[in-house]
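S.K.: What follows is a predicted protein model with its sequence.
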Amino acid sequence: MKKYAITLVMALSLITGCKDDTDFLNVKSTNILLIDEVYSDPRLVLSAATELYNRIPELVEPANFGIYASFDEAFASGDYARHQNREYSYDDWNLWDYAYIREINLFIERVEAAKALTPADKVRFAAEGRFLRANAYFEMVKRMGGVPLITESLSYDYSGNAAYLRKPRAKESEIYDYVISEFEAIKSILPKTPNEKSRATYGLALASKARAALYAGSIAKYGANTPSVSLPNGEVGIPASKATGYYQIALAAAQELINSGQYSLYQKAPDLSTNFANIFLDKANNPEVIFVEDYKLASGKVHSFALDNQPRAITEEGERGGRLNPSLNLVQSFEKLDNTFAPLAINTGSANNYVYYDKPEDLFANRDARLQGTVLVPGAIFKNRPIDIFAGLILGNNTILSGDQLGQLKPVNGVSVQVVGLSGPIEGYDGSAQGGFYMRKYNDPVTGSGQIGTQSEVWNVRYRYAEVLLNAAEAAFELGQNAVAASYMKLVRDRAGLTTPLTASEITFDRIVHERKVELAYENHELWDMKRWRIAHVVWDGSNSDLTTQPGKATEPSTRVYSLWPYKIYDPGGPNHNKWVFRKVLSGRVTQSHIFRLGNYYSRIGDAIINNNPLIVRNPNQ
């Protein structure tokens, strides 16, 4: 053993140039930076901040898009668990991340204590830390209700008694008040740089303040409809008397951002549907986008949304694609250009009394342009290629001929005929258009984005100007300022081709809900909106509800995900040969109806958390 030790010492002496023991022990590491070294260089501080930005908690992002199929916006053509589960878990959507809060607190403290940073760098980095901390508390409060409010790093003294580290839950309103006040305090510290999309700015602080205040106002007002969703000390539930104040804050914050002129609606492409889709694709001087999580192949950060959701007819990667299908529930929610709501015209009475169309896309004509900016409908063009979606042929004797393989050919009267689309739909065939549609929003049309080796750089848009306008409209409506609400909604609706303005008297709660549903679909709003309005248990009520015929009504039950399948008429010599018809379909894999219980309004606080801190009280109805 002694021989080996001597050999090791000799080897180390050679490596270190025969330095003495003291010199060897003081050799500086080449791959580890000390805290003081990090906080003496603004580039390294930015790297530390970037790591915290990358950890922003988010329910839905490109990497976990399947959550969209948890409600009524989409059918999961691949993972069907949600369509087969009746109840949402009380553990769904929970967040209790005090490790992240601690790291943000430490970041702020180290920035403020740094001696080598310029005053300007210290002020900006500290403000960014405060934004990240406030945003983290906002993410927790909308899931959990009131949580312990900790704004400094805590240290254990190794005394054997950690009781002094235990903090009780703050009131839900206190967390919202803190979040709102932080966004207000840092707005003027952060730079007014609207072209900066990945870091906190003046515009982001105002947009965040408006959103948070709107959520708090909604919970205060509509919480009266669910009195049992509360706790006696206010950890859950906000007094109704606070609603007006929160709505006023939301409107003022949104109007300050609107009046600043820093952002505007994206309006570059002449085709309105393409223009809407491009909001999420165009990274060059995009005036609408306020805050994103960006992706770049050069930095090694890409995502698989295009890989998993490219239409099967034009897949770049074998059998990969088509995993998320927009639902008929959502598609029929896009109103007609005359501002009216109606189910899609697929029959005139009985199910088999079809309405015939010359082209499949004709069914969707004269509707809100956001429909085809969000959804790839049958007959749509994507990547300069048609999306071949049809479920089968309807023959002259009204029988249906289909297949079990994409693009399958079968003989009809001695002629080989394609009997199913290259993208399906085929019942139970993963990746085929089982919902009858594919995703357009966020789907990357760039060649290579659907390949495993490259994937997509499309950014994840967290805040954009259209939401600010809708937040202002909702807050104004709740304050009785319907004309103001109508003026903000008009801007959003004009871009969608809805050129007949809604009057002040036409601005209703149903209209507010609808406008957010179609403008913000697949943007991580549906769950939080339904929760704050206290209508989640009404819409997802567990009933085996049919597809509503009143898509403009906010409280219509929508518990099962419906599909729309196109069929070709094959009747040579007949009057409808080569025309198209549609059938409403309930997939056999939709075996359960969604039920949202009162206990789902706030996620469960785990037993381990409560056992470690007896001051924490449980959430109600669980």
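M.R.: Ah, there it is. Just so we're clear, the structure is a prediction, and the values are computed from it rather than from any experiment.
S.K.: Now do stretch 300-311, average pLDDT.
M.R.: When pLDDT is averaged along stretch 300-311, the result is 95.
S.K.: start to end distance for it?
M.R.: This stretch, stretch 300-311, spans 25 Å end to end (Cα to Cα, to the nearest Å).
S.K.: mind checking how far it is from the chain centre?
M.R.: Here stretch 300-311 is found 16 Å from its chain centre; the criterion is Cα atoms, centre = their mean, to the nearest Å.
S.K.: can you list contacts of stretch 446-459?
M.R.: Contacts with stretch 446-459, where a contact means Cβ atoms under 8 Å, 6 or more residues apart in numbering, come from 62, 197, 280-281, 283, 289, 292-297, 302-307, 310, 315-317, 320-321, 383, 442, 444. (Glycine included, C-beta is placed from N, CA and C.)
S.K.: For PyMOL, write the select line for the buried members of these.
M.R.: Remark: buried members of the contacts of stretch 446-459, expressed as a PyMOL selection using 16 or more other Cβ atoms under 10 Å:
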select buried, resi 62+197+280+281+289+292+293+295+302+303+304+305+306+307+310+315+316+317+320+321+383+442+444
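S.K.: can you tell me which of the contacts of stretch 446-459 are in helices?
M.R.: Using DSSP state H, the subset of these located in helices is Phe305, Ala306, Leu307.
S.K.: Would you reformat those as JSON lines and include distance to Ala608?
M.R.: Output for the ones in helices among the contacts of stretch 446-459, formatted as JSON lines (distance: Cβ to Cβ, whole Å):
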{"residue": "Phe305", "distance to Ala608": "34"}
{"residue": "Ala306", "distance to Ala608": "39"}
{"residue": "Leu307", "distance to Ala608": "37"}
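S.K.: between those, which is closest to Pro57?
M.R.: Using Cβ to Cβ, Phe305 comes nearest to Pro57 of these, at 19.3 Å.
S.K.: show me what contacts the spatially closest residue to that closest one that is not a sequence neighbour?
M.R.: Distances taken as Cβ to Cβ, 6 or more residues apart in numbering put Pro62 closest to Phe305, at 4.3 Å, once the chain neighbours are dropped. Pro62 makes contact with Tyr295, His303, Ser304, Phe305, Tyr442, Ser456, Val458, Asn460 under the criterion Cβ under 8 Å, 6+ apart.
S.K.: Out of the residues you listed, which comes closest to Ala163?
M.R.: For those, the closest approach to Ala163 (Cβ to Cβ) belongs to Asn460, at 41.1 Å.
S.K.: looking at it, that closest one is touching Phe291, isn't it?
M.R.: No: with contact defined as Cβ atoms under 8 Å, Asn460 does not reach Phe291; the gap is 9.7 Å.
S.K.: Between these two, tell me which one has more neighbours.
M.R.: Between Asn460 and Phe291, counted using other Cβ atoms under 10 Å, Phe291 has the larger neighbour count: 24 against 20.
S.K.: Hmm, that one is touching Leu204, no?
M.R.: Yes: with contact defined as Cβ under 8 Å, Phe291 and Leu204 form a contacting pair (4.8 Å).
S.K.: Mutual contacts of the two, please.
M.R.: In terms of Cβ under 8 Å, 6+ apart, Phe291 and Leu204 are both contacted by the residues Tyr463.
S.K.: what about the nearest residue to Arg440 once chain neighbours are set aside, how many neighbours?
M.R.: Nearest residue to Arg440 in three dimensions, chain neighbours excluded: Leu376, at 4.7 Å (Cβ to Cβ, 6+ apart). Leu376: 25 surrounding residues under other Cβ under 10 Å.
S.K.: contacting residues around Leu376?
M.R.: Leu376 touches Pro311, Phe382, Ile387, Phe437, Tyr438, Met439, Arg440, Asn443, counting by Cβ under 8 Å, 6+ apart.
S.K.: right, and the second one touches Arg440 too?
M.R.: Yes: counting by Cβ under 8 Å, Phe382 sits close enough to Arg440 to count as a contact (7.2 Å).
S.K.: Between the two, which has more neighbouring residues?
M.R.: Using other Cβ under 10 Å, the more surrounded residue of Phe382 and Arg440 is Arg440, with 26 against 18.
S.K.: Verify the stated contact: that one with Arg370.
M.R.: No: contact criterion Cβ under 8 Å: Arg440 and Arg370 do not qualify, at 10.2 Å.
S.K.: The lengthiest strand in the chain pairs with which strands?
M.R.: When the chain is parsed with DSSP state E, its longest strand is strand 563-570. Using DSSP bridges, strand 563-570 pairs in its sheet with strand 392-395 (parallel), strand 580-585 (antiparallel).
S.K.: Figure out which of the ones you listed is closest to Ala485.
M.R.: Of all those, strand 580-585 sits nearest to Ala485, with 34.1 Å by Cβ to Cβ.
S.K.: From the chain's centroid, how far away is the closest one?
M.R.: Distance of strand 580-585 from the chain centroid (Cα atoms, centre = their mean) equals 30 Å.
S.K.: Next secondary structure element downstream of it?
M.R.: helix 607-612 (DSSP states H and E).
S.K.: Identify the residues contacting that next one?
M.R.: Contacts of helix 607-612 (Cβ under 8 Å, 6+ apart): Trp96, Arg166, Ile616, Arg618.
S.K.: Out of those residues, who's the most crowded?
M.R.: Ranked by neighbours (other Cβ under 10 Å), the contacts of helix 607-612 are led by Ile616, which has 20 neighbours.
S.K.: For the closest residue to it other than its chain neighbours, the count of nearby residues, please.
M.R.: Closest residue to Ile616 apart from its sequence neighbours, by Cβ to Cβ, 6+ apart: Ile610 at 5.0 Å. By other Cβ under 10 Å, the residues close to Ile610 number 13.
S.K.: related to what we said a few turns ago, farthest pair in the contacts of helix 607-612?
M.R.: Arg166 and Arg618 (15.7 Å).
S.K.: Would you state the strands of the chain in chain order?
M.R.: 74-76, 289-293, 324-326, 375-376, 381-382, 385-386, 392-395, 400-401, 409-412, 415-418, 438-439, 460-464, 563-570, 580-585.
S.K.: Quick one: mean pLDDT over the fourth one.
M.R.: Here strand 375-376 scores 98 as its mean pLDDT.
S.K.: Partner strands of that strand, with direction?
M.R.: According to DSSP bridges, strand 375-376 forms sheet pairs with strand 438-439 (antiparallel).
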